[in-house]
Each structure stands twice: as structure tokens, then as C-alpha cells.
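1. what follows is a predicted structure for the sequence shown.
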Amino acid sequence: MKKDKFVLTGKAHLFGDDINTDEIIAAKHLHMTDAVELAKYCFIDKKKDFHKNLIKGDIIVAKKNFGCGSSREHAPMAIKGCGISCVIAKSFARIFFRNSINMGLPILECPEADKIKEHDKLEVDLTKGIITNLTKNETYKTEPFPKFIESVMDAGGLMATLKK
Amino acid sequence: MGYTITEKILLNHTNKKSIAPGEFIDAKIDLCLGNDITAPVAINEFEKAKVKKVFSRDKIALVPDHFTPAKDQQSAANCKKLKEFADKHQITNYFELGQVGIEHALLPEKGLVLPGDLVIGADSHTCTYGALGAFSTGVGSTDLAFAFATGRVWFKVPETIKFIYKGKLNKWVSGKDLILYTIGQIGVDGAIYKAMEFTGPVIEQLSMDGRFTMCNMAIEAGGKNGIITADEITKEYVKERMKENGIKRDIEFYKSDKDAVYSEVLEYDFSDMQPQVACPHLPSNVKAVNKLNKIKLDQVVIGSCTNGRISDLREAAGILKGKKVQKGMRLIVIPATQKIYLEAIKEGLVDIFVRSGGVFTMPTCGPCLGGHCGILDKGEVALATTNRNFVGRMGHVESQVYLSNPAVAAASAITGHITHPGEIK
């Protein structure tokens, strides 16, 4: 993988178990197809002004089954539109997982995700699959991407692989 | 070592000689589908990639069913996008208002999904078609754009959980109760990344409509697909739909090998089971209806890709016949397709719904996802035959949704609180 593109740094924003795509972006906003517009309504009922209260590059950290429910790609689009660089969770719902990969949003499964606290500063090395908690001086292992997924991420998303 | 039905269908859609769970594969699809919410994003991606032609004009279905008839100007723009794309690429299976119905009821009804097919749809409830013995699963808009261009999709081969259902079903217990109970047992991530294979004597007796309901909600347990091996009931259903729609295609029937490998085998006996209700705010928060203490309701919705088929409407009408909906209660009945709409008129069901004090609408996903046609305000409580009861799913973030089968929904519309259908005399 291309190196520097795959080391990310940002502040952690915590979420719990079974966060569904309706919570990420409710159906009433699905008439929009633009990531920046969608971002304004991302988690609006859960964390008001979520998109305003983060710095570009920040990281979502959640517990199990993040992104369950609908197949709406508007959910990872809204998250990416907020400026989030990466989503870490103990586990992901599968459609959310593939949507994120397909659009080139890094997404990592980490069994130790619950050791991370709100606003901890994280450094994520996507190539090695290692998360460093700079606030706590701890490191956590994640599963590195399988070869196929790495090739999609490397290209910048699924549609970009068409050009190869 | 044998294969499961899911593994066999996937293998047969690749160039590979063997397949194993966990492996990444590139598979050929028989049909891909998008709706008025997900297809516009896919069309944007397809056009951004400057692809000139779709892989097949016959193997793409565009079904504007979510916010239709267009609920506002922005929804109208999204529908127009589908129509223009369909025109430009001469898509055979584009369904304009008047032909359109809820996608997962419509496509099997049109004979567009057959046993052994591999189907993807940019809608999470695409897993419904597993009821026909097909492999079908929900994907995202980028997957759909990629499929428009190539006719292909990537998968990680799932492990399979085998479910065996035994016993004799009580009156009022249906496919919805089987699946709600199952989700209650294993949780909303109980089958995450996995195939759910539904088997056993109860399934062998279950109608096609009941099987569609079960496979429809596999996603609510995190499943990649739900699947039921095609049998005589399936064959009869498919034969009729092919004849009606002039479809001529060879069908390949698959079943799991005796020595197929499962990650888990779960067995449930339904002999003494009562209808099940999923309480707010997760489809896994399931209780037997008789364990709920007179929960007061403002609205009942009967419809959706889960329970908007003709047998669902018949069951509801059977209970509502000659009865009145409780004062202050809103009953909304939504047939899933135009064909079901006409059948409901012909059989006198619409007469029953309207005389009872309910409304009968056009086919639409409507309130199920909080779109239109029955949105809840703050503090309101609904019982719906739909598939999800997440926070704010049907409207206000402080509203509540309970999920049940159509019989419980109809009985509850009469009393105004969640009620066992056996109590309606």
C-alpha cells in the first residue's frame, strides 16, 4: 500500500453498540446525494452538530455491529462528508463495511476498541493494522486488510478499479 | 466435504473449481436492482466513471418505490434520474408509477427472480428472494454502479447457520413470528456476515408468502442472506409467475449436501409458540404478544416488503371484517404491488378495510422507513407489520414502533392496544 496515505491521525468520537444507518442519516434526508450536504444531518438526533464539532481527520470509534440496518450508502457518505478519516469498531454490519471499502473510507475491526475514550488522540497505521493511542500511550492490533480489499482501497474505491 | 446451498450458488457464478467460507470471490450476477433512494447515487457513480454502456439492459431492475408517488420536489428529481437513465440505456425492467410496487414483492411476482439465481440489490431487504432458493443480498450504491458496468460483484463467501424449525404452528402464528423469534434468540448481529438457511418440517409447510417474510428479515439478524431450498411449493409459485409474464429461462435447483459444513445448527420447536412482537427499539427486543400489557397505540400499519402480500391482507381483513377500528386509531393498509391491490379489491378486502375505518393506499414503502404516508409525531406509538423499529424509524425521534404479524396488527387496530388476535370474537 502507498505509505503516507495510510497513516491517519485524529481525535476519537465514541459511539455504542448497534448504531444503525437511520441514526447515522435518517430517511428524511435521503433525497440528497451530496456528501457535504448529507454531513450536516449526520448523527443529528444523537450528537447535535456532530459535523461542526470535529476536526478534519477525526476518527469514529464504536462497539459492535456498527452501521446495521439499511444499505444506504448515504451513511458512509455522510460520515466521510463530515471529514472523518476512519471508522474503528469491534464489529461492523456487512453492507456498511462493503460500502465503506467501495467508496474508499478506511474501516477497521478492533477487538480492543472499547479501551479508547472520547477525544483520545489516535494514530492509525492502515498498512500494519496498528492503532496507537497517543493520549494513553497504548497500541491495539486490528486485522490488516485482506489483499482484495487492500487493492480496492489502494485504487481509491471500487469504481476506480474499473480503470485498471 | 459437501457444500451448502449458498456455497453452491456462489460457486456456480464464478470461474472457480472450489469455494470455501472466508474466500473473496468475483461473481457473475443474474439481476441487480436499485430504487429511487439508492439508484441515483449509483447512476452518479456510473456516470462519473464515464462508462458508456450497461452490461445488460435486461438484468437491471429500477424500482422507484420508496418516496413514490414523489413526495416532494427532491424525490421527483431522483425519480426523474431513474427514468432518464432507463430511457438512455433502454432498461427493460424500469417500473413507472402505475406498474411499480414494493421492489421485493414486485420482482418475484414478475418472475424476474428464479431459484438458483444470484441477485444483488441496493436495498438491504434484497435478501427476501432467498425464499425462492436463490442467493440474494443487499449491497450499496457503488456495488450497484459497478454491477451496471460489469455484471459482477465481489463477495466474501459466508459461513452458514442452519436453522431447523419443528412442531405444529398455533393459529395466528406465521412466518413473521418464526423470524421475529429467531432474531430475538440470536440478536441483531447474531448472523453477522453469515448465511441463514431455514429448514425443517415447519418451513416445508410454510406458504411462499411466509417464506418471503422470513428471508426478508435475515438482514435484521445481520445475515448476508436468508435461504430456503426450493420445493414443490416454490416450483408451483415460479411456474405460475413465469407463465403470467411470458418468462422462459432454464432453472437450476440447488440444495445443501448431506455433509455440508455449518458454523452452527440451531433448532427451535414452535409447538406452544404465541405470536411474537418486537418492542422498541430493536427487532431483537422480542416478546410473546400475551406478555405485553395493553400497550396503547396511535397507529397501525399493515404493509411493506415484509408483510404487504395478498395473504397478509387476507389475514388482516379476516379479523377486521364487520369490526370498527378503535376511536382515535389510524389504520393504514398498504398493498405491496398493483396486482395485490387489484386482488384485494376483487376479494372484497378493501371494502372491509375502509368500512372498518382504515385507509387503503397505493403501493409504496411509505411510512416503513419514515418516508411519507403515515409519519409519527413526538410521543406517538405505532404497531407495524414492517421490519425495523429503530429510534425514529417511522418519524419523530421520540416516537415508538412495535413490529408484529398482520393478524396481531389488525386485532390491535380494533382494540387500540397490542392485542392477541384470539381475543377478537
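-> All right, it came through fine.
2. assign residue 162 to helix, strand or coil.
-> No chain in the question, so chain A it is. Reduced to three states with DSSP: H, G, I helix; E, B strand; the rest coil, the structure at A:Leu162 is helix.
3. hmm, I had chain B in mind actually
-> B:Lys162 - assigned by three-state DSSP - is strand.
4. gap between it and B:Arg211?
-> 16 Å (CB to CB, to the nearest Å). In short, each C-beta sits where N, CA and C put it, glycine included.
5. neighbour count: the two, which is higher?
-> Under the neighbour definition other CB atoms under 10 Å in any protein chain shown, B:Lys162 and B:Arg211 were set side by side, and B:Arg211 has more, 26 against 19.
6. tell me which element the more buried one falls in.
-> helix B:208-216 (DSSP states H and E).
7. mind listing residues that contact that helix?
-> B:104-105, B:108, B:125, B:127-131, B:174-176, B:178-179, B:198, B:203, B:206, B:225-228, B:233-234, B:237, B:305-307, B:309-312, B:387 (CB atoms under 8 Å, 6 or more residues apart in numbering or on different chains).
8. among the residues you listed, which lie within strands?
-> Counted as lying in strands by DSSP state E, out of the contacts of helix B:208-216, are B:Phe198, B:Asn225, B:Gly226, B:Ile227.
9. which residue ranges of the stretch 1-150 of chain B form strands?
-> B:24-28, B:31-35, B:60-63, B:93-94, B:118-121, B:135-138 (DSSP state E, counting those that start in this stretch).
10. how far away from the center of its chain is the second one?
-> So the one you mean is strand B:31-35. In terms of CA atoms, centre = their mean, to the nearest Å, the centre of strand B:31-35 is set 14 Å apart from its chain centre.
11. just the CA trace of that strand, in CSV.
-> Extracted in CSV, the C-alpha atoms of strand B:31-35 (Å, rounded to 0.1, in the frame of the first residue of the first chain):
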residue,chain,number,x,y,z
LEU,B,31,-30.1,-9.5,-11.7
CYS,B,32,-29.2,-6.2,-9.9
LEU,B,33,-31.7,-3.8,-8.6
GLY,B,34,-31.9,-0.2,-7.3
ASN,B,35,-34.7,2.1,-6.0
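12. confidence score at A:Lys48?
-> The score at A:Lys48 is 87. That number is its pLDDT.
13. surely B:Gly22 and B:Val157 touch.
-> Yes: between B:Gly22 and B:Val157 there is a contact under CB atoms under 8 Å: 6.5 Å.
14. what's opposite B:Ile227 in the beta bridge?
-> Per DSSP bridges, the residues bridged to B:Ile227 are B:Glu197.
15. which ones are touching residue 90?
-> No chain specified, so I'll use chain A. Applying CB under 8 Å, 6+ apart, the residues near A:Lys90 are A:Ala62, A:Lys63, A:Lys64, A:Glu109, A:Cys110, A:Pro111, A:Ala113, A:Asp114.
16. please go with chain B instead
-> B:Gln90 neighbours (CB under 8 Å, 6+ apart): B:Arg57.
17. swap in the one 4 residues further on?
-> Residues touching B:Tyr94, when contacts are defined by CB under 8 Å, 6+ apart, comprise B:Ala61, B:Leu62, B:Leu82, B:Lys83, B:Ala86.
18. closest one of these to chain A?
-> B:Leu82 (12.4 Å; CB to the nearest CB).
19. how many neighbours does the closest residue in space to the closest one that isn't next to it in sequence have?
-> Ranked by CB to CB, 6 or more residues apart in numbering or on different chains and with sequence neighbours excluded, the top spatial neighbour of B:Leu82 is B:Leu62, at 4.9 Å. When neighbours are counted by other CB under 10 Å, B:Leu62 registers 27.
20. what sits against B:Leu62?
-> By CB under 8 Å, 6+ apart, B:Leu62 lies in contact with B:Leu33, B:Gly34, B:Asn35, B:Ala39, B:Leu82, B:Phe85, B:Ala86, B:Ile91, B:Asn93, B:Tyr94, B:Phe95.
21. show me the contacts for the spatially closest residue to the second one that is not a sequence neighbour.
-> When the adjacent residues along the chain are set aside, B:Gly34 lies closest to B:Ala122, with 4.5 Å between them (CB to CB, 6+ apart). In this structure, B:Ala122 makes contact with A:71, A:73, B:32-35, B:38-39, B:41-42, B:138-141, B:143-144, judged by CB under 8 Å, 6+ apart.
22. which residue ranges of chain A form strands?
-> Counting by DSSP E, chain A has strands at residues A:7-14, A:59-62, A:86-89, A:107-109, A:121-125, A:130-133, A:138-141.
23. and stretch B:162-180 with chain A, contact?
-> No: counting by CB under 8 Å from any CB of the partner chain, chain A has no neighbours in stretch B:162-180; the shortest distance is 16.0 Å.
24. ok so, going back, highest neighbour count among the contacts of B:Tyr94?
-> Of the contacts of B:Tyr94, with other CB under 10 Å as the count, B:Leu62 tops at 27 neighbours.
25. neighbours around residue 125, how many?
-> No chain in the question, so chain A it is. So A:Asp125, with other CB under 10 Å, has 16 neighbours.
26. hmm, I had chain B in mind actually
-> For B:His125, using other CB under 10 Å, the count is 27.
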